[in-house]
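S.K.: please work out how this folds:
(one chain, ligands or ions: 1)
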Amino acid sequence: MIEARGLTKRYGKTLAVNDLSFTVQPGRVTGFLGPNGAGKSTTMRMMLGLDNPTSGVALIDGKNYRELHNPLRKIGALLDAKWVHPNRSAYAHLQWMAVSNKIPVRRVDEVLELVGLTAVAKKRAGGFSLGMSQRLGIAGALLGDPEILLFDEPVNGLDPEGILWIRKFMHRLADEGRTVLVSSHLLSEMSLTAQELVVIGRGKLIAQSSTEDFIHAATENTVKVRSPQASKLRDALMRTTNATLRDDADALVVSGLDAAQIGEIAAANQVVLHELSPQRGSLEEAFMQLTGDSVEYHTELAQAVDQLVDVNR
Ligand SMILES: Nc1ncnc2c1ncn2[C@@H]1O[C@H](COP(=O)(O)OP(=O)(O)OP(=O)(O)O)[C@@H](O)[C@H]1O
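M.R.: As a prediction, the model looks like this:
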């Protein structure tokens, strides 16, 4: 388990992380979501003992990173995929990491196999694509077979195939019972990857919940109804309920009632229905809702969505 308690980091005048408290549980992929500059990397660096909190603590199974006996066996991390020496082979890089952390060298072959890099293990890491570099970074994080894994923006810049691979791999790690914290500013990607969310903005916690609850709590659930007798249905709904109705092309969008209630009212009034479909809010809508009226945020959000469209193009 990872726990942040009152975690705060100040760089001069910038409050990068502001009194952040949350927990990350094993067996689930937890998305660490927030726009660029929200404080995700700083938080992760403090979890890994690479930066000192101004106040508060980041605990790994109840301990500071620096108190861990054999840190790589407890927590593995991918912060920057390109930090590998370009002239080293993938194998040599992992071997160096293994030796310097007292991990048996045979583990190198295992992790190369896990991330699908066995065939290129002896090639220069400098010639790797971004996707291959990410896999090598993940192999490094897995070297100590740790229970806890941190990934900072692992899908940034990857093609759809690479994104899918990372997503499946994260799920596999969580299914093995590990604690997986993955940061991203890509909202839609997180809605597919993460089962739990920790959402931050300007260093502060906005929400911690399951992805489903996050969307549910922050967005209005509506039901889309299409009927050849729309005005009769509208009258019946207005007469008997406090539901709010709005028109959307040839459909009625109803909030305040669920699909079953609308179906019952339609049947009681002998109204024919052609469609009765619950509409779920999206993570984008939820994020907009919770981050309120900040212009800066909405610009960030628009950029995040644009990037997502680019990635999927
Ligand atoms: N070493 C540093 N010195 C000064 N300011 C910093 C430093 N590191 C981060 N910051 C500032 O702290 C804030 C949070 O940055 P951080 O990199 O943690 O955000 P992030 O959510 O990871 O965003 P990104 O995805 O862009 O990295 C930003 O305003 C950033 O400019």
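
S.K.: what does the chain put close to the ligand?
M.R.: Within the chain, the positions near the ligand by CB under 6 Å from any ligand atom are 11, 14, 16, 34, 36-42, 153, 185. Quick note: C-beta positions are derived from backbone N, CA and C, even for glycine.

S.K.: among those, show me the least confident.
M.R.: Note: of these, the lowest pLDDT belongs to residue 36, at 80.

S.K.: how far away is that one from residue 192?
M.R.: To residue 192, residue 36 is 20 Å away according to CB to CB, to the nearest Å.

S.K.: how about residue 215?
M.R.: Going from residue 215 to residue 192 by CB to CB gives 12 Å.

S.K.: poorly predicted segments of the stretch 1-150 of the chain, please.
M.R.: Scanning the stretch 1-150 of the chain for pLDDT under 70 picks out 81-83.

S.K.: list only buried entries from the residues of the chain next to the ligand.
M.R.: 16, 34, 37-42, 153, 185 (16 or more other CB atoms under 10 Å).

S.K.: and the two most separated of these?
M.R.: Farthest pair in those (CB to CB) is 16 and 153. Separation: 16.1 Å.

S.K.: okay, buried residues for stretch 72-89 please.
M.R.: By neighbour count on 16+ other CB under 10 Å, the buried set for stretch 72-89 is 72-79, 81, 84, 89.

S.K.: inside helices: which ones of the residues you listed?
M.R.: Secondary structure from DSSP state H places 72-74 of the buried residues of stretch 72-89 in helices.

S.K.: strands along the stretch 101-250 of the chain, start to end?
M.R.: Taking DSSP state E, counting those that start in this stretch as the criterion, the stretch 101-250 of the chain contains strands spanning 148-152, 179-184, 196-201, 204-210, 222-226, 244-248.

S.K.: got TSV for those, with mean neighbour count too?
M.R.: Shown next, in TSV, are the strands of the stretch 101-250 of the chain (neighbours: other CB atoms under 10 Å):
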stretch	mean neighbour count
strand 148-152	23
strand 179-184	26
strand 196-201	25
strand 204-210	17
strand 222-226	21
strand 244-248	13
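
S.K.: now those strands as a markdown table including distance to residue 166?
M.R.: Shown next, in a markdown table, are these (distance: least, CB to CB, whole Å):
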| stretch | distance to residue 166 |
| --- | --- |
| strand 148-152 | 8 |
| strand 179-184 | 8 |
| strand 196-201 | 17 |
| strand 204-210 | 21 |
| strand 222-226 | 33 |
| strand 244-248 | 36 |
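
S.K.: mind checking those for the one nearest to residue 67?
M.R.: strand 148-152 (14.3 Å).

S.K.: what sits up against that closest one?
M.R.: Residues from elsewhere that reach strand 148-152, judged by CB atoms under 8 Å, 6 or more residues apart in numbering: 1-2, 26, 40-41, 44, 47-48, 60-61, 74-80, 138, 141-142, 166, 170, 173, 178-183.

S.K.: the ones in helices among the buried residues of stretch 72-89 into CSV, with extra columns for distance to residue 56?
M.R.: Supplementary listing: these in CSV, determined by distance: CB to CB, whole Å:
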residue, distance to residue 56
72, 25
73, 26
74, 20
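
S.K.: who has more neighbours, residue 215 and residue 192?
M.R.: residue 215 (22 against 13; other CB atoms under 10 Å).

S.K.: contact partners for residue 86?
M.R.: Residues counted as contacts of residue 86 (CB under 8 Å, 6+ apart) are 124-127.
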